[in-house]
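Novice: Show me how the following folds:
(chains A and B)
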Amino acid sequence: MLISEQKPFEEILGYLNGDKNIFLIGCKGCAEGWGSGGEKQVAEMGERLQEKGKTITGSVVVDMLCDSALTRLKLRTHKKEIDAADSILVLTDGAGVQTVSELVNKVVHPGCNTLSSGGAHAEWKEAERCLECGDCMLEFTGGICPIARCSKHLLNGPCGGSQGGKCEVDPDIPCVWQEIVDQLARLGQLNKLERLVTPKNWSVSLISGPPVKRFP
Amino acid sequence: MKTKSNLERVLEAGQFAVTGELGPPQSADAEVIRKKAKILKGNVDACNVTDGQTAVVRMASWAACSIGKEEGLDPIVQMTCRDRNRIALQMDILGISALSLNNMLCLTGDHQKFGNHPMAKGVYDLDSIQFIRMVKDMRDEKKFQCGEEMTVEPRLFIGAAANPFADPFEIRAVRLAKKVAAGADFIQTQIIYNVDKFADWMKMVRDLGLHKKVKILAGVAPIKSVGAAKYMKTRVPGMDVPDSVVARLQGVPKEQVPGEGVKLCIDIINQLREIDGVAGVHIMAIEWEEVVPEIVEAAGLLPRPKLTP
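Specialist: Prediction:
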């Protein structure tokens, strides 16, 4: 069970700045259980965004968003609505956001912060996808997580050891920053790399020791 | 002048700068530092002292710098985010400035996996770019990272590293721009053997106008043996050693290889000086400091300017 809570609405609006047409995605698994991105929250988010002048091209709430095969099938039935959108807002944990960003050639915004795996990880057995850092960065990294997958948790681009798409630490490990740069290039968003990402607030993370607040 | 750094004075005077590098010992032996410092003194404008390079435990950079300062060097403290969180970094920054050390090179650091304590927990609370901004905020705004103010600020000339040979190549100049925007005063690059690729990178740097905002020191290093060249070519991440370099060293008898390595280094320095926007060279002759005077002299870089503060 991945435990998440919605990011502040103003932060989400900031992400959507410039995008008029939005497609919404939620999850009936963990996110519904924690009230961060189930049917109800997706509907509410749609209404709030419409009040702010956004057009919702459509929405879908998938049974298990982290299940790549299932999500692929579901998204296929909403192809037209997704094509009509400028970007996609995903209301669930980091694993779900990354499933969508891998399947869809669109900008994917994270609508939640992942707080904890609650003791067990979901899908993505082949690679760690979410370290439950509590302060989701996927907005700025093409929907690919450098906290979970960069050996140095770098937030401002690749270190000097990235070569041939591989991490300097192990030639079997892909350099996640190469993947991020490739993804941002595909999306025409390489300018996102120019932003100076400020030091992260680790106090909301499990990595930093005893958690202050884990559950919404 | 932002600081009392000799390196800053030389660069601000428009002189072609020379920096060297000194590796601290894997012991508490101060004499090792003094011996190396005596070789480098007068041949370089400032001298980097590495901070646990390749994640091997050695004497702390700031401590070795303090000894080097007593010997007449203008040391550049290297500091990494690998072993220190933002609390420790700021404490060290205050202490370094209080010891009258004037320069700091802000690095993320070599991953702990490469060193002699691969089981250690890496810190990486900040990355190098966030680190640069933190030093600048302390120096120019008198502010700690939390926003609180201090009475006496650290006066440090802020350096950063750049690797023109790492991937993805197309964003390397953009990453340098971020370091400049964060507050870097000078840049020292990865060791250059592929001068053509470095020149391509410098063009991207000039197109962004970065050479006018930051002083770029091109990294060089003499190679002692064919084996070392091959090792760097195949085993060191982020290094680019062209086949022609290996072939040149293989082309001379074994006993002449070190001499040829020194000649190659001098040739590269001469090529780098011709590239628009290169403000100096950084000579990394780690554990081979004794050839630095010969290299600097043969490259026509002596005497070093003596500028009064």
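
Novice: So A:Cys159 is in contact with B:Thr108, correct?
Specialist: Yes. Between A:Cys159 and B:Thr108 there is a contact at 5.6 Å, judged by CB atoms under 8 Å. Where you see a C-beta, it was placed from the backbone N, CA and C, and this is true even at glycine.

Novice: Quickly list what's touching both of those two.
Specialist: Residues touching both A:Cys159 and B:Thr108 by CB atoms under 8 Å, 6 or more residues apart in numbering or on different chains: A:Lys152.

Novice: Show me the residue sitting in the middle of chain B in space.
Specialist: Chain B has B:Gln188 as the residue nearest its centroid, 4.9 Å off, counting by CA atoms, centre = their mean.

Novice: about what we covered before: neighbour count for A:Cys159 and B:Thr108, which is higher?
Specialist: Per other CB atoms under 10 Å in any protein chain shown, whichever of A:Cys159 and B:Thr108 has more neighbours is A:Cys159, with 27 against 23.

Novice: For the more buried one, which three-state class applies?
Specialist: Classification of A:Cys159 by DSSP: H, G, I helix; E, B strand; the rest coil places it in coil.

Novice: residues contacting it?
Specialist: A:Lys152, A:Glu168, A:Trp177, B:Thr108, B:Ala166.

Novice: swap the cut-off to 7 Å and go again
Specialist: A:Lys152, B:Thr108 (CB atoms under 7 Å, 6 or more residues apart in numbering or on different chains).

Novice: okay, it: pLDDT?
Specialist: Looking at A:Cys159, its pLDDT is 92.

Novice: what's around A:Leu16, how many residues?
Specialist: A:Leu16 has 18 nearby residues by other CB under 10 Å.

Novice: And for B:Lys233?
Specialist: Around B:Lys233 there are 16 residues (other CB under 10 Å).

Novice: cool, B:Leu302 as well?
Specialist: 12.

Novice: Can you give me the separation between it and chain A?
Specialist: 31 Å (CB to the nearest CB, to the nearest Å).

Novice: ok so A:Ile56 is a helix residue?
Specialist: No. Under three-state DSSP, A:Ile56 falls outside any helix and is assigned strand.

Novice: what are the phi and psi angles of the closest residue to it other than its chain neighbours?
Specialist: The spatial neighbour of A:Ile56 that comes closest, neighbours along the chain excluded (CB to CB, 6 or more residues apart in numbering or on different chains), is A:Gly46 at 4.6 Å. With angles defined as degrees, to the nearest 10, A:Gly46 sits at phi -60, psi -50.

Novice: confidence score at A:Arg149?
Specialist: 89.

Novice: pretty sure it is touching A:Val176, no?
Specialist: Yes. Using CB atoms under 7 Å, A:Arg149 is in contact with A:Val176, at 3.9 Å.

Novice: how many other residues sit next to residue 83?
Specialist: In the absence of a named chain, this looks at chain A. 12.

Novice: Let me rephrase: I mean chain B.
Specialist: B:Asp83, neighbours per other CB under 10 Å, totals 20.

Novice: do the same with B:Val152
Specialist: B:Val152: 9 neighbours (other CB under 10 Å).

Novice: got the residues of the stretch 101-250 of chain B near chain A?
Specialist: Contacts of the stretch 101-250 of chain B with chain A, taken as CB under 7 Å from any CB of the partner chain, map to B:108, B:111, B:113, B:122, B:124-127, B:129-130, B:133, B:145, B:161, B:163, B:166-168, B:171, B:174-175, B:178, B:181-182, B:190, B:237-238.

Novice: Could I have the buried ones of those residues as PyMOL selection syntax?
Specialist: The following PyMOL line selects those of those that are buried, judged by 16 or more other CB atoms under 10 Å in any protein chain shown:
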select buried, chain B and resi 108+111+122+124+125+126+127+129+130+133+145+161+163+166+167+168+171+174+175+178+181+182+190+237+238
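
Novice: quick one: which of the residues of the stretch 101-250 of chain B next to chain A sit in strands?
Specialist: Cross-referencing those against strands under DSSP state E gives B:Ala161, B:Gln190.

Novice: Show me the residues of the stretch 101-250 of chain B next to chain A that map onto helices.
Specialist: B:Ile129, B:Gln130, B:Arg133, B:Val174, B:Arg175, B:Lys178, B:Ala181, B:Ala182 (DSSP state H).

Novice: pretty sure the fifth one is in contact with A:Ser162, am I right?
Specialist: By that I understand B:Arg175. No. Taking contacts as CB under 7 Å, B:Arg175 lies outside contact range of A:Ser162: 10.6 Å.

Novice: which one is whatever residue of the stretch 51-200 of chain B ends up closest to chain A nearest to, not counting chain neighbours?
Specialist: The stretch 51-200 of chain B approaches chain A most closely through B:Asn163 (3.3 Å), counting by CB to the nearest CB. Leaving aside its chain neighbours, B:Asn163 sits nearest to A:Gly160 (3.3 Å; criterion: CB to CB, 6+ apart).

Novice: give the contact list for the one you found.
Specialist: Counted by CB under 7 Å, 6+ apart, A:Gly160 has contacts B:Ala161, B:Asn163, B:Ala166, B:Gln190, B:Gly238.

Novice: Same check on B:Leu22?
Specialist: B:Lys36, B:Ala37, B:Leu40, B:Cys47, B:Asn48, B:Val49, B:Gly68, B:Glu289 are the contacts of B:Leu22 under CB under 7 Å, 6+ apart.

Novice: Look up how far B:Ala162 lies from it.
Specialist: Here B:Leu22 is placed at a distance of 21 Å from B:Ala162 (CB to CB, to the nearest Å).

Novice: mind checking the backbone torsions on B:Val220?
Specialist: phi -140, psi 160.

Novice: these two touch, right, it and B:Val281?
Specialist: Yes. Counting by CB under 7 Å, B:Val220 touches B:Val281, with 5.6 Å between them.

Novice: which of the two has more neighbours?
Specialist: Neighbour count, other CB under 10 Å: between B:Val220 and B:Val281, B:Val281 has more, with 28 against 24.

Novice: Quick check: beta-bridge partners of the residue nearest to the centre of chain B?
Specialist: Beta-bridge pairing for B:Gln188 (DSSP bridges): B:Ala161, B:Leu217.

Novice: check contacts around it.
Specialist: B:Thr19, B:Leu105, B:Gly159, B:Ala161, B:Leu217, B:Gly219, B:His282.

Novice: Select from those residues every entry located in strands.
Specialist: Per DSSP E, the contacts of B:Gln188 map to strands at B:Thr19, B:Leu105, B:Gly159, B:Ala161, B:Leu217, B:Gly219, B:His282.

Novice: quick one on the thing from earlier: redo the contacts of B:Gln188 as CSV? Include distance to B:Thr3.
Specialist: Formatted as CSV, these follow (distance: CB to CB, whole Å):
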residue, distance to B:Thr3
B:Thr19, 15
B:Leu105, 14
B:Gly159, 11
B:Ala161, 19
B:Leu217, 16
B:Gly219, 22
B:His282, 18
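
Novice: Report how many residues lie close to the closest residue in space to B:Ser225 that isn't next to it in sequence.
Specialist: Sequence neighbours aside, B:Val257 is the residue nearest to B:Ser225 in space, at 5.7 Å (criterion: CB to CB, 6+ apart). B:Val257 has 21 neighbours, counted by other CB under 10 Å.

Novice: And whichever strand or helix holds B:Val257, how far out from the chain middle?
Specialist: B:Val257 belongs to helix B:257-273 when assigned by DSSP states H and E. A distance of 18 Å separates the centroid of the chain from that of helix B:257-273, by CA atoms, centre = their mean, to the nearest Å.
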